[in-house]
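prediction below, plus the sequence it came from.
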Amino acid sequence: MTIPTLISNYQEKSTITRLQKAYATLKNAFELAKVEHGDYNTWSWNQYPTNDAQRIKYFWQTYIFPYLKVTKECFPALKDCSIEAINGLNGNVVSTISSTTHGVFVLADGTYIYTWAGADTYYPHVWVFADINGKSGPNILGKDIFAMYFSPGNPGKSAGSNNDDGEFVDSGKTFNIGYGLKLYGEGSGYTAEEMMQPNFVIEDNPEVVQNFSCSTEGQGQVCGAVIQLSGWKIPDGYPN
């Protein structure tokens, strides 16, 4: 093998190993919390605090932190403990980390977790973005940051593609959000190949279509699930 190939193989293996570890660590904590506190849909985190930053702090500190080794936490997120923004594969900013809505904490192995909540009574949810190499770059979804999603029960979303006129074409198949903590796209009903299509889009909110695809045209929210569905390997066609 050439030196560039060896380096590339090492980087891929390291990425997968870190992603698997972060996901397993968090998922185990959620499952232990469920044993203590009961079914996820009985948790009251989305009803008690009214401020977004307080809500996400309450969620993690009440339910999950007792089962994690956390070396640092910032609720709300502050500049000295967070990157400024999470970027997508398409070069666009996915989220600017805000002190009014976001929280940040660091796991024992140095993984940074950026998190915020959506407390809609229809389907309360928590976004969990694992930055597997800490605050180091490139801070891009599908590269060193991978999206997870927690929901106590969600009816799913419409998904499909955009036609040549930029109009949303529903596939007729629901993009399942799932139950509990999952890599975003895990168990969605879509294959890795489908989620890597450049025009794979999800109706994230009514009449708001988002390109979350694992491609250079998309933001990359589903990249972690693509790797998992590929047998925990970087599949052919994965965006460079």
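Noted; the coordinates are in hand.

all contacts plus neighbour counts: C-alpha atoms, from now on.
Noted.

show me where this protein has its strands.
Under the criterion DSSP state E, the chain contains strands at 70-74, 85-87, 93-96, 103-107, 112-118, 125-131, 145-151, 157-162, 168-175, 180-183, 200-205, 208-210.

just give me the residue closest to the centre of the chain.
In the chain, the C-alpha closest to the average C-alpha coordinate belongs to A147, at a distance of 1.5 Å (C-alpha atoms, centre = their mean).

select the longest helix from the chain.
In terms of residue count, the longest helix belonging to the chain (DSSP state H) is helix 3-37.

and that helix with strand 103-107, angle?
Comparing the axes of helix 3-37 and strand 103-107 via axes from the mean of the first three to the mean of the last three C-alpha atoms, to 10 degrees yields an angle of 110 degrees.

other SSEs contacting helix 3-37?
Applying 3 or more C-alpha pairs under 8 Å, 6 or more residues apart in numbering; DSSP states H and E, we find helix 3-37 packed against strand 180-183.

now for the strand it packs on, which elements pack on it?
helix 3-37, strand 145-151.

any buried residues in the longest one, and which?
So the one you mean is helix 3-37. Neighbour counts using 16 or more other C-alpha atoms under 10 Å place 15-16, 18-20, 22-23, 26-27, 29-31, 33-34 of helix 3-37 among the buried residues.

got a list of what the nearest residue to V126 once chain neighbours are set aside touches?
For V126, ignoring the flanking residues on the chain, the nearest one in space by C-alpha to C-alpha, 6 or more residues apart in numbering is A117 at 4.3 Å. Contacts for A117 were tallied using C-alpha atoms under 8 Å, 6 or more residues apart in numbering; they are 52, 55-56, 101, 124-127.

among the residues you listed, which two are most distant?
The distance between the two most remote of the contacts of A117 (C-alpha to C-alpha) is 15.0 Å, for T101 and P124.

include distance to W43 when you put the strands of the chain into CSV, please.
CSV is the format used below for these (distance: least, C-alpha to C-alpha, whole Å):
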stretch, distance to W43
strand 70-74, 22
strand 85-87, 28
strand 93-96, 26
strand 103-107, 19
strand 112-118, 14
strand 125-131, 12
strand 145-151, 11
strand 157-162, 23
strand 168-175, 24
strand 180-183, 12
strand 200-205, 24
strand 208-210, 28
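
can you say which of those is nearest to I234?
Distance to I234, taken as C-alpha to C-alpha, is lowest for strand 145-151 among the strands of the chain, at 13.5 Å.

tell me which other helices or strands the closest one touches.
Under the contact criterion of 3+ C-alpha pairs under 8 Å, 6+ apart, strand 145-151 touches strand 125-131, strand 180-183, helix 223-229.
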